[in-house]
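Colleague: build me a model:
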Amino acid sequence: MKFDTFFFDSIPLKWNRKTREIDKSVFWKQAETKQGFQGISEAKGCYIFGLSCAGGLMPYYVGQAKKTFKQEVFGLHQMRIYDKCINNNKGTPVLILVSAMTGKNEFSKANHDKVINWVEDLLISYALERNPKVENSSKTAYWKNVEIPGLWKTGWGKNTKDSNALKRMFFGQQRKKSACK
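Modeller: So this is what the prediction gives:
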């Protein structure tokens, strides 16, 4: 199953601080007219809400759309999370959609719930590694509480010969190219 990513930086999430909402209709209209994005609002997959600040990106929430992005990305629950993030942090709101794709490189509308669950779990793990204050409350217990030296949530100074071997096993040689191919 193939997934593809769609980064909405040129279509900013225009946040109205008075009404504390995003103009969803304008967002989806602009998204649908962007080259290669036609049909994205009706696609399924995962989404990452974050903030852009000083040239960097910080994830704050990872969700999944089993129905469609248009139906789930800007729901009441999500808007409360976005509001909290925007009001408590500096930056411009951004959205990345990770959509399930067909073999013809079109947005998939098929039921891929198990795969989408797995992709969401994976994205939550990456988000937590980058930002321990991610707003996701479910599916985070293991990611927050498990530590594997050299591989997951390793602090400075905790690398040993053994943990470095584990890291090299999964991520390749650090010093020289591997002859194992």
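
Colleague: who touches the longest helix belonging to the chain?
Modeller: In the chain, taking DSSP state H as the definition, the longest helix is helix 113-130. Helix 113-130 is contacted by residues 1, 3, 44-46, 48, 58-66, 98, 100, 134, 136, 139-140, 143-144, 152-153 when judged by C-beta atoms under 8 Å, 6 or more residues apart in numbering. (Glycine included, C-beta is placed from N, CA and C.)

Colleague: name the next helix or strand downstream of that helix, please.
Modeller: In the C-terminal direction, the helix or strand that comes right after helix 113-130 (DSSP states H and E) is helix 141-145.

Colleague: what about that next one, average pLDDT?
Modeller: Per-region confidence: helix 141-145 scores 72 on mean pLDDT.

Colleague: helices or strands next to it in the packing?
Modeller: helix 113-130 (3 or more C-beta pairs under 8 Å, 6 or more residues apart in numbering; DSSP states H and E).

Colleague: in the helix it packs on, what's buried?
Modeller: 116, 119-121, 123-125, 127-128 (16 or more other C-beta atoms under 10 Å).

Colleague: before we move on, back to that, just the buried members of the contacts of helix 113-130?
Modeller: The buried subset of the contacts of helix 113-130 - by 16+ other C-beta under 10 Å - is 3, 44-46, 48, 58-65, 98, 100, 134, 136, 140, 143, 153.
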